[in-house]
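J.: Using only what follows, build the 3D model:
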Amino acid sequence: MPHKITIYTDGAASGNPGPGGFGVVLMSGIHRKEIAGGYRLTTNNRMELLAVITGLEALKSDNCQVTVYTDSRYVADAVEKGWVFAWEKKGFKGKKNPDLWIRFLNVFRKHQVKMVWIKGHAAIPENERCDTLAVMASQGNNLPADNGYIAE
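T.: Sure thing, here's the model as predicted:
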């Protein structure tokens, strides 16, 4: 029987582009794990997507039943409305963040994933915690470069 996992995610960028961070809360039964990271120059959408990727990459086994809660329409709609699969067929031509979308698809296909959009800043405790983690990570010292970010 596949493991059932719940993942909450959030991304933040101050300036957009600017310093950014992501926060993830993973839950399965009695287990809970928090993950955060930041970059010195990135965008909000990159951090939203990287939060989901990081959560999925943290899973220790394949074929998990995963529900991902995100307040990012960019991420939720791209998956649930099938846009990312059309972008992939066209080699992501003209699309932003192809490096992250490719990485996302590689880990997404290892699991049974349902993306659920939730309203941000709506007093959902795990989403609020992810927001706090993302903002704190974006304010860290000596943040690394987001090597996939390309300024336009």
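
J.: pLDDT below threshold where in the protein?
T.: 1-2, 152 (pLDDT under 70).

J.: just the helices in this protein please.
T.: Using DSSP state H, the helices found in the chain span residues 44-57, 73-80, 83-89, 98-108, 125-138.

J.: The second one versus helix 44-57: what angle between them?
T.: Calculated by axes from the mean of the first three to the mean of the last three Cα atoms, to 10 degrees, helix 73-80 forms an angle of 50 degrees with helix 44-57.

J.: Return the list of helices and strands in contact with helix 73-80.
T.: helix 44-57, helix 83-89, strand 112-117 (3 or more Cβ pairs under 8 Å, 6 or more residues apart in numbering; DSSP states H and E). Any C-beta I mention is one placed from the backbone N, CA and C, and that applies to glycine too.

J.: List the strands paired with the shortest one, with their directions.
T.: Sheet partners assigned to strand 112-117 using DSSP bridges are listed as strand 65-70 (parallel).

J.: Identify each buried residue in the strand it pairs with, please.
T.: Counting neighbours by 16 or more other Cβ atoms under 10 Å, one finds that the buried residues in strand 65-70 are 66, 68, 69, 70.

J.: Could you check how far that strand is from the centre of its chain?
T.: 11 Å (Cα atoms, centre = their mean, to the nearest Å).

J.: And stretch 39-55, by the same measure?
T.: Using Cα atoms, centre = their mean, the offset of stretch 39-55 from its chain centre is 6 Å.
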